[in-house]
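K.L.:
Build me a structure from this.
(4 chains)
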Protein chains: 2
Amino acid sequence: MGKCEQCIVREFSALKTLTKDELITMSNCKTASTIKKGEAIFMEGENVNGVFCIKAGVCKMTKLSANGKDQIVKLTQKGELLGQRSLISDEPTNLSAIAVEDMEVCFIPKSEIIGFFNQNNAFSMSLMKSVCGDLKDADDMMVSLAQKNVKERLAQTLLYLEEKFGLLEDNSLRLQLSREEIASIIGTATESCIRLLSEFKKLGLIELQGKKITILDKVKLKRIVE
Amino acid sequence: MGKCEQCIVREFSALKTLTKDELITMSNCKTASTIKKGEAIFMEGENVNGVFCIKAGVCKMTKLSANGKDQIVKLTQKGELLGQRSLISDEPTNLSAIAVEDMEVCFIPKSEIIGFFNQNNAFSMSLMKSVCGDLKDADDMMVSLAQKNVKERLAQTLLYLEEKFGLLEDNSLRLQLSREEIASIIGTATESCIRLLSEFKKLGLIELQGKKITILDKVKLKRIVE
DNA sequence: ACTTTTATATGACAATTATCATATAATGCC
DNA sequence: GGCATTATATGATAATTGTCATATAAAAGT
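P.N.:
Next comes the predicted model:
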């Protein structure tokens, strides 16, 4: 099994502040696993009892609404940790984590993380900063959902997907989501999402080929977002 | 000036985990002040350089949207701390804090809080739990904004205002907000908010007298929220 | 390869929500 | 107390968005 000391992925999360000794301890208690696209890492309401460190792949953090639809609250990728909030709050998780690509993750038990939190100030501060970053993103998202219309939010989301996940060699968005998933980020009906994508295509802002989306005019998209 | 050791308000925040000595230290460096209704404690983009502990009154945490409207992201009251997130992230604050009632607050400098964070594990854990609670609330809010319609969100907000801030002797909501402020919580136009309040009144769900709102039928309101 | 299922696309229409106009009530100010 | 300003209320209308129906394309299973 891979060793945490040699895993570059940890550099992207609070785990970067762990000492060599702590990394070795962690290596000995972690569990690596593979998650296929569409499978859940954990479901809303479960007790997670640790955190997952994403080594590869992307997952969606969703929450079930009263109307039966899932809302995507966050997309998480390589290097990020899952389940920090519920671990700290000592509660069942409030979100489901579902792979949108094949993933490799490592599970680190709660006792370990709490130990690091109490003995390593750099780690606790770094973990805290990560949660604070999530909170800031959530604030921004709330304002968008409350004040922007669907067209503006779609344009914003396309730009966000490019910024966070980058492009393939053919310049299309690297992360390929279904229309339903895109709709579930911006909080609209799938049909409305499809319709607006078609409109953006007609306006020459994007190109569509199956799940592939290519941004053609970033400037105009930004102008739509305002 | 009042002493933190004797201030009951601290029992409602992470400050409850401070030792007697730490409280005395804090007492000596804090600054108390009074904020009139409508005044800002701090504005989005400012460097706050500490946290505010609310001794009395309620404030709204708002964020300016691109369309020029303010979105209320959170209502904060007695016992809660303001500015924790930006202090930890070491960034200018992303929200404005504006009094919706006359307030009394105490300012505690950043250096003090960071000191407690590093020397007192119970405090750092408690502060972390508080931010995690905010994040969970933000997730819930996002799902509501994305998946519920305005009527459902208004019903939910009225029930929330009763739950968090309670009632006056005459059974009306203790926290009196303007129609514009309520609209700015649920993310809609002021006119739409007013219209739906009138509708709720016609349906016998609430009673309106100026800014006073009295919930008459909690069961039906809950049914609207789903 | 063919069938079944699911995803994407689009039309038609209904429901929701925003905007603008205007009226009235409430509040603050000299 | 009277005037100015602001908040609340409601109508009329337009814009946005959701829902249902249906068609086609793509993917998955046998």
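
K.L.:
so, in contact with DNA strand D or not, stretch A:168-177?
P.N.:
No. Judged by CB under 7 Å from any atom of the strand, stretch A:168-177 stays clear of DNA strand D, getting no closer than 9.5 Å. The way it works is simple: take the backbone N, C-alpha and C, and place the C-beta from them, glycine included.

K.L.:
pLDDT of that stretch, averaged?
P.N.:
Throughout stretch A:168-177, pLDDT has a mean value of 94.

K.L.:
In chain A, spot the helix with the most residues.
P.N.:
Scanning chain A for the helix with the most residues, using DSSP state H, yields helix A:121-147.

K.L.:
angle of that one against helix B:121-147?
P.N.:
20 degrees (axes from the mean of the first three to the mean of the last three CA atoms, to 10 degrees).

K.L.:
could you point out which element follows helix A:121-147?
P.N.:
Sequence order places helix A:150-165 as the next helix or strand after helix A:121-147, per DSSP states H and E.

K.L.:
Export only the CA atoms of that following helix, formatted as PDB.
P.N.:
Output of helix A:150-165 as PDB, limited to C-alpha atoms (Å, rounded to 0.1, in the frame of the first residue of the first chain):
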ATOM      1  CA  VAL A 150     -30.800  30.900 -13.900                       C
ATOM      2  CA  LYS A 151     -29.000  32.200 -17.000                       C
ATOM      3  CA  GLU A 152     -26.500  34.100 -14.900                       C
ATOM      4  CA  ARG A 153     -25.900  31.100 -12.600                       C
ATOM      5  CA  LEU A 154     -25.400  28.800 -15.600                       C
ATOM      6  CA  ALA A 155     -22.800  31.200 -17.100                       C
ATOM      7  CA  GLN A 156     -21.100  31.400 -13.700                       C
ATOM      8  CA  THR A 157     -21.100  27.700 -13.300                       C
ATOM      9  CA  LEU A 158     -19.500  27.100 -16.700                       C
ATOM     10  CA  LEU A 159     -16.700  29.500 -15.800                       C
ATOM     11  CA  TYR A 160     -16.300  27.900 -12.400                       C
ATOM     12  CA  LEU A 161     -16.000  24.400 -13.900                       C
ATOM     13  CA  GLU A 162     -13.200  25.700 -16.200                       C
ATOM     14  CA  GLU A 163     -11.400  27.500 -13.400                       C
ATOM     15  CA  LYS A 164     -11.600  24.600 -10.900                       C
ATOM     16  CA  PHE A 165     -11.200  21.500 -13.100                       C
END
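
K.L.:
which residues are in contact with it?
P.N.:
If you take CB atoms under 8 Å, 6 or more residues apart in numbering or on different chains as the criterion, helix A:150-165 is touched by A:58, A:75, A:77, A:144-145, A:148, A:173-175, A:177, A:182, A:185-188, A:192-193, A:196-197, A:199-200, A:205-206, A:213, A:215, A:218, A:221-222, A:224-226.

K.L.:
Tell me the gap between it and the middle of its chain.
P.N.:
Centroid separation for helix A:150-165 versus its chain: 14 Å, with CA atoms, centre = their mean, to the nearest Å.

K.L.:
what pLDDT, on average, does it get?
P.N.:
Here the average pLDDT along helix A:150-165 is 97.

K.L.:
Produce a ChimeraX select command limited to the buried residues of the contacts of helix A:150-165.
P.N.:
ChimeraX command restricting the contacts of helix A:150-165 to the buried ones, with burial defined by 16 or more other CB atoms under 10 Å in any protein chain shown:
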select /A:58,75,77,144,145,148,173,175,177,182,185,186,187,188,193,196,197,200,205,206,213,215,221,224,225
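
K.L.:
Cool, thanks, talk later.
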